[in-house]
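# Below: sequence and its predicted model.
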Amino acid sequence: MTDDAADAARPEAAAAVDRVRERADELAPALGATWTDDDPWRFLTDLTAIGSRMAGSEGERRAAGLVADVFERVGLADVRTEPFDLPVWERGSASLDVTVSGRDSQPSTRSFEALALPYSPSGSVSGELVDVGYGTPAEIDERDVEGRIAVASTTTPSGDRFVHRMEKFGYAFDAGAVGFVFVNHLDGQLPPTGSLTFGEEAEAVAVGVSKETGAWLREYAVGGGSGAVGAAKDDVARAELSVEASTTPGESRNVLGSTGPDTDERVLLLAHYDAHDIAEGALDNGCGIATVATAADILTDADLPIGVDVVAVGAEEVGLLGAEHLADRLDLDRVKGVVNVDGAGRFRDLVALAHASTAAASVAEAVSTATRQPIEVDAQPHPFSDQWPFVRRGVPALQLHSDSGDRGRGWGHTHADTRDKVDDRNVREHAMLIALLVAEFAAPERDLPRLDRDELAAAFREADFETGMRAADLWPADWD
């Protein structure tokens with residue numbers, strides 16, 4: 001930003017802070033009631049008691065009913081459910097067996113716990129294990145993965161942007177790997193899950209394993225240890241990886257409601273309510289949808305200048321399919337901006353990801369200043385949450401997350417994503433801040449320019465996403 005532009009922005013930033021403070025004063029009764037409200041905890045309890053909320057499942061359908069009930073209870077208008085089709089992936093069994101030679105040169109086979117990753121096809125592969133470290137493209141290029149089973153960590157080197165599972169899998173497969181093993185970087189015998197693709201069956205079998213299992217696999221991998229203790233150094237371990245799963249046509253649904261006036265221009269407030277089938281999905285994204293419902297309750301008391309559409313989207317975990325359906329059916333010229341709550345409410349401090357929009361970033365900065373609440377603002381974009389179908393079409397967005405201080409998703413996508421990990425004070429406090437963020441998005445004085453396609457593509461290239469997104473088949477064709 002030039003000095004002249006910075007000078008011009010200062011009065012606008014001060015005016016935004018004043019608006020947020022005035023809005024907070026106006027909403028003081030609703031904000032105060034939220035401080036002691038036990039409805040978010042009750043809703044989260046009911047949601048997590050369902051068990052699996054996997055996309056297209058009966059549990060997801062029941063969760064949509066709970067969300068519709070809470071939307072009506074907080075006073076949203078025109079609450080409705082919109083179904084959409086999707087390929088429903090259902091987990092079967094998975095096995096990972098490694099055969100090594102012992103001191104007497106006799107083969108010995110070990111079996112390890114493994115979880116199929118969503119959209120893994122059924123099938124069996126065998127081959128040597130190859131340790132690709134964090135699974136970054138550079139590391140995969142350094143290893144010979146052709147015809148082998150790649151073993152990659154769930155985390156990424158510190159100082160670099162986080163490399164998503166889909167990128168690691170896609171790049172390893174393109175390099176010739178016949179299978180993929182995703183190793184949790186956290187202790188606790190917790191194999192991770194997570195989709196391999198956006199809404200279609202993958203081309204190779206893949207599983208998640210615990211950190212503890214991963215340590216053994218790396219010992220057995222080419223260039224790792226010597227296989228079994230006392231084995232000859234030229235003995236090579238061989239792994240057999242099998243998955244049973246099915247992908248069939250099915251249905252998910254979005255739940256919609258609205259508040260504020262019936263204007264042509266709208267703001268979207270959304271969060272996904274589905275979760276993986278191996279846990280309760282309390283953190284990911286039970287906290288997020290509970291935060292949105294609580295923020296919606298506050299917003300129904302606001303004198304909003306334009307309408308706000310509140311949407312609980314389905315099938316996020318298997319490819320942002322609910323958000324894609326929503327973006328496809330809306331007139332996006334009428335959408336002023338999107339606030340996506342994926343990760344908020346989990347931990348103490350709010351994080352606002354601005355996805356290359358300086359105007360969206362300035363909204364979060366104004367709310368942080370006005371409320372004296374820390375909100376970390378990060379402008380870097382990524383394509384792995386429900387803002388992506390809108391961002392790539394030029395709609396400015398904020399994704400609201402929260403920071404645990406640790407690298408990666410923590411308990412998320414494991415058996416340990418359960419209600420006992422939740423502190424609902426975070427849900428209530430973040431809901432208050434998000435209500436103020438949405439109200440500032442809706443302010444007539446707030447200018448939110450469309451994202452320029454070429455500038456957006458340049459931002460993704462600068463953040464080193466192009467290689468991984470191409471491997472995951474996510475790079476938009478019109479960005480070339």
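Okay, I see it. Numbering: from 1, shown residues only.

# residues of stretch 55-69 that come out buried?
By neighbour count on 16 or more other C-beta atoms under 10 Å, the buried set for stretch 55-69 is 55-57, 59-64, 66-68. Every C-beta, even on glycine, is put in place using the N, C-alpha and C of the backbone.

# Nearest to Gln380 among the residues you listed?
Ala55 (27.2 Å; C-beta to C-beta).

# and the gap between the residue lying closest to the closest one once chain neighbours are set aside and Asp452?
Closest residue to Ala55 apart from its sequence neighbours, by C-beta to C-beta, 6 or more residues apart in numbering: Ala315 at 3.8 Å. Distance, Ala315 to Asp452, using C-beta to C-beta, to the nearest Å: 30 Å.

# higher neighbour count, these two?
Ala315 (30 against 12; other C-beta atoms under 10 Å).

# quick one: the closest residue to Asp478 other than its chain neighbours from Val151, how far?
In space, and not counting its chain neighbours, Asp478 is closest to Arg453: 7.0 Å by C-beta to C-beta, 6+ apart. Per C-beta to C-beta, Arg453 is found 37 Å from Val151.

# Which one's more surrounded, those two?
Between Arg453 and Val151, counted using other C-beta under 10 Å, the more crowded position is Val151 (30 against 14).

# Looks to me like the more buried one is in a strand.
Yes - assessed with DSSP: H, G, I helix; E, B strand; the rest coil, Val151 lies in a strand.

# you'd agree it is up against Leu217?
Yes - in this structure Val151 lies within contact range of Leu217 using C-beta atoms under 8 Å: 5.1 Å.

# Mind listing the shared neighbours of the two?
129, 131, 181, 183 (C-beta atoms under 8 Å, 6 or more residues apart in numbering).

# these two touch, right, the first one and Ala152?
Okay, so that is Leu129. No - with contact defined as C-beta under 8 Å, Leu129 does not count as touching Ala152 (11.1 Å).

# Quick check: neighbours shared by the two?
Common neighbours of Leu129 and Ala152 (C-beta under 8 Å, 6+ apart) are Val181.

# Any chance of a markdown table for the buried residues of stretch 55-69, columns distance to Arg392 and pLDDT?
Formatted as a markdown table, those follow (distance: C-beta to C-beta, whole Å; pLDDT from 0 to 100):
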| residue | distance to Arg392 | pLDDT |
| --- | --- | --- |
| Ala55 | 21 | 98 |
| Gly56 | 24 | 98 |
| Ser57 | 28 | 98 |
| Gly59 | 30 | 98 |
| Glu60 | 25 | 98 |
| Arg61 | 29 | 98 |
| Arg62 | 32 | 98 |
| Ala63 | 27 | 98 |
| Ala64 | 26 | 98 |
| Leu66 | 31 | 98 |
| Val67 | 26 | 98 |
| Ala68 | 29 | 98 |
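
# Quick check: chain neighbours aside, which residue is closest to Val74?
Asp297 (3.8 Å).

# in what helix or strand does that neighbour lie?
helix 287-299 (DSSP states H and E).

# Show me which residues of the biggest helix by length in the chain are buried.
With secondary structure taken from DSSP state H, the chain has its longest helix at helix 3-26. Of all the residues in helix 3-26, those buried under the rule 16+ other C-beta under 10 Å are 16-17, 19-21, 23-24.

# ditto for stretch 400-411
Buried residues in stretch 400-411 (16+ other C-beta under 10 Å): 400-402, 408-411.

# and that stretch, how far apart are its ends?
Terminal residues of stretch 400-411 lie 18 Å apart, using C-alpha to C-alpha, to the nearest Å.

# distance of the closest residue to Gly410 other than its chain neighbours from Pro40?
Distance criterion C-beta to C-beta, 6+ apart; nearest residue to Gly410, sequence neighbours excluded, is Ser404 at 5.6 Å. Using C-beta to C-beta, we find Ser404 at a distance of 19 Å from Pro40.

# Could I get the contacting residues of the most centrally placed residue in the chain?
When C-alpha atoms, centre = their mean is applied to the chain, the residue found nearest the centroid is Ser385 (4.7 Å). With contact set as C-beta under 8 Å, 6+ apart, Ser385 has these partners: 316, 320, 340, 342, 399.

# re the thing from before, in this structure the residue nearest to Asp478 contacts Ala477, no?
No - using C-beta under 8 Å, Arg453 makes no contact with Ala477, being 11.7 Å away.

# Against which helices or strands is the host helix or strand of Asp328 packed?
In this structure, Asp328 sits in helix 321-329 according to DSSP H and E. Counting contacts by 3 or more C-beta pairs under 8 Å, 6 or more residues apart in numbering; DSSP states H and E, helix 321-329 is packed against strand 77-101, strand 238-259, strand 266-272, strand 307-313, helix 388-391.

# what are the pairing partners of the following helix or strand past it, and which direction each?
Remark: after helix 321-329, the chain's next helix or strand is strand 335-341, criterion DSSP H and E. Take DSSP bridges as the rule and strand 335-341 pairs in its sheet with strand 266-272 (parallel), strand 397-403 (parallel).

# Would you double-check that Gly208 falls in a helix?
No - with three-state DSSP as the criterion, Gly208 is strand rather than part of a helix.

# Could you pick out which of the buried residues of stretch 55-69 are located in helices?
Those of these lying in helices (DSSP H): 59-64, 66-68.

# Name the nearest residue to Ser281, ignoring sequence neighbours.
Just to correct that, residue 281 is Gly rather than Ser. Counting by C-beta to C-beta, 6+ apart, the residue nearest Gly281 is Ala275, at 2.3 Å.

# Tell me how far that neighbour lies from Phe43.
According to C-beta to C-beta, Ala275 stands 14 Å off from Phe43.

# These two: which is more packed in?
More crowded of Ala275 and Phe43, by other C-beta under 10 Å: Ala275, with 31 against 23.

# what comes up buried for stretch 24-43?
24, 27, 30-31, 34, 37, 39-41, 43.

# Save those residues as TSV, and put in pLDDT and secondary structure too.
As requested, these are exported to TSV (pLDDT from 0 to 100; DSSP: H, G, I helix; E, B strand; the rest coil):
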residue	pLDDT	secondary structure
Ala24	97	helix
Leu27	97	coil
Ala30	97	helix
Leu31	97	helix
Thr34	97	helix
Asp37	95	coil
Asp39	97	helix
Pro40	97	helix
Trp41	98	helix
Phe43	98	helix
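
# which SS class is His276?
Applying three-state DSSP to His276 yields a three-state assignment of coil.

# Give the closest residue to it in space, chain neighbours not counted.
Thr193 (5.0 Å).
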